[in-house]
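Asker: next come a sequence and a model predicted from it.
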Amino acid sequence: MTRLLPHPILTPALTGVWLLLNNTIEPGHIVLGLFLGWMIPILTIRFWPETVRIRRPFVLLRFMGVLLFDIIVANFVVARLILGNPNRLQPTFVQLPLDLTSDLAIGLLANSITLTPGTLSAKLSEDRKFLLVHALNETDTKAMVATIKARYERPLKEVFEAC
């Protein structure tokens with residue numbers, strides 16, 4: 001079964017992305033999206049170093065909701081900062097200590113940070129213990145680290161790693 005459907009969650013996700021990109025739910029696009037969602041994981045299986053196991057799917061759904069909310073709010077905050085007085089910005093780099101060990105979880109954390117306006121994942125340390133994060137405007141770096149760990153890292157650890 002795993003040879004025919006190596007990533008059962010990725011197939012509907014890719015199908016959904018295909019339909020969103022084409023902005024249609026016509027039957028032909030649904031069939032093509034399902035075909036692509038089925039073939040892409042089969043053709044890329046050798047590039048996946050680890051088997052993806054989602055241990056807590058509802059935590060993943062809650063994480064996605066939190067991330068979407070944070071992205072929307074951060075857009076308004078960044079717009080206000082830029083349209084206000086950009087000379088008052090206090091950009092900074094912060095080293096975020098990582099508890100995650102999974103490549104997938106670290107990648108999702110780095111992308112979640114980058115997707116949120118005002119922050120950017122800059123570099124993963126060689127030993128994979130720290131992620132360098134740039135913030136557009138931050139004065140309390142300890143609070144920023146605590147927020148990222150609580151809102152993003154902890155749920156990803158619950159979902160993708162054995163706690």
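Answerer: Looks like it arrived, so ask away.
Asker: can you report how many residues neighbour K129?
Answerer: 14 (other CB atoms under 10 Å). C-beta coordinates here come from the backbone N, C-alpha and C atoms, glycine included.
Asker: can you give me phi and psi for it?
Answerer: phi -100, psi -20 (degrees, to the nearest 10).
Asker: show me where the protein has helices.
Answerer: Secondary structure of the chain (DSSP state H): helices at 10-22, 27-43, 57-83, 103-115, 141-148, 154-160.
Asker: need the contact list for E126.
Answerer: Under the criterion of CB atoms under 8 Å, 6 or more residues apart in numbering, E126 has no neighbours.
Asker: that one and L96, how far apart?
Answerer: According to CB to CB, to the nearest Å, E126 stands 15 Å off from L96.
Asker: what do you get for W38?
Answerer: When distance is defined by CB to CB, W38 is 37 Å away from L96.
Asker: and for N137?
Answerer: Here the criterion is CB to CB. By it, N137 lies 17 Å from L96.
Asker: okay, those two: which has more neighbours?
Answerer: A count of neighbours by other CB under 10 Å puts L96 above the other of N137 and L96, at 22 against 16.
Asker: residues of the helix-or-strand element of the chain with minimal mean pLDDT that come out buried?
Answerer: Across the helices and strands of the chain, mean pLDDT, DSSP states H and E gives its lowest value to helix 10-22, namely a mean of 85. Neighbour-count burial for helix 10-22 flags L10, T11, L14, T15, W18, L19 (criterion: 16 or more other CB atoms under 10 Å).
Asker: quick one: residues contacting the closest residue to the second one other than its chain neighbours.
Answerer: Of all residues not flanking T11 in the chain, G37 sits nearest, at 4.0 Å (CB to CB, 6 or more residues apart in numbering). With contacts taken as CB under 8 Å, 6+ apart, G37 has the following neighbours: L10, T11, P12, A13, L14, T15, W18.
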